[in-house]
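*Asks:* Give me the fold of what follows.
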Amino acid sequence: MNHIILIGFMGAGKTSLGRRLARARHLTFTDTDDRIVAKMGMPVTAIFDRYGEEYFRGLETKVLQELLGEKKRCVISVGGGLPMRGENQPYLKKLGRVIYLRAKVETLMGRLGRDNSRPMLRGGDLRTRIEELMAKRQDTYEKVADLIIDTDGKSFERLILEISEKIS
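*Replies:* Residues are numbered from 1 along each chain as shown. Coordinates of the predicted model:
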């Protein structure tokens, strides 16, 4: 399929940009976390608390498998940890063009500073948690991506234009 898949760290703008990109390109938008929340009837934090991270990651894989059957082209925003599960990487590639939305730690801190809904950021200093997770994830994001877009200091309009120019 020829979907547009947005990957990157939490707070990179995958969902916010994804909605706007889908609208600009006359596509539907879907967010893997939103699908999981709808299916489970509880927020991501509650799923993590009740069932644990590994269970949640399994749900992400199931959503990717479902999306492989999606006939209508769409923009897909995936959770920040989804590409880290090895079995998800071939699914991402089969789905379409994978775009890594890259942002600096300072940018992410500004966006995530007051957000308590991110289970992976719990415990400890925000900067330290972001740096630790980024150190674990960045190489995988870069390896999986067909295209890397730096988001720091750019408007949604600029990012949509940049992506559209590079994937057309």
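
*Asks:* Strands along this protein, start to end?
*Replies:* Using DSSP state E, the strands assigned to the chain run over residues 3-7, 28-31, 74-77, 96-102, 147-150.

*Asks:* and of the ones you listed, who's closest to Ala38?
*Replies:* Nearest to Ala38, of all these, is strand 28-31, at 10.0 Å by CB to CB. Where you see a C-beta, it was placed from the backbone N, CA and C, and this is true even at glycine.

*Asks:* Pull up the pairing partners for that closest one, direction included.
*Replies:* strand 74-77 (parallel) (DSSP bridges).

*Asks:* Dump the C-alpha coordinates for the partner strand into CSV.
*Replies:* Extracted in CSV, the C-alpha atoms of strand 74-77 (Å, rounded to 0.1, in the frame of the first residue of the first chain):
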residue,chain,number,x,y,z
CYS,A,74,-4.1,7.4,4.5
VAL,A,75,-1.7,9.2,6.7
ILE,A,76,-0.8,7.1,9.7
SER,A,77,0.8,8.4,13.0
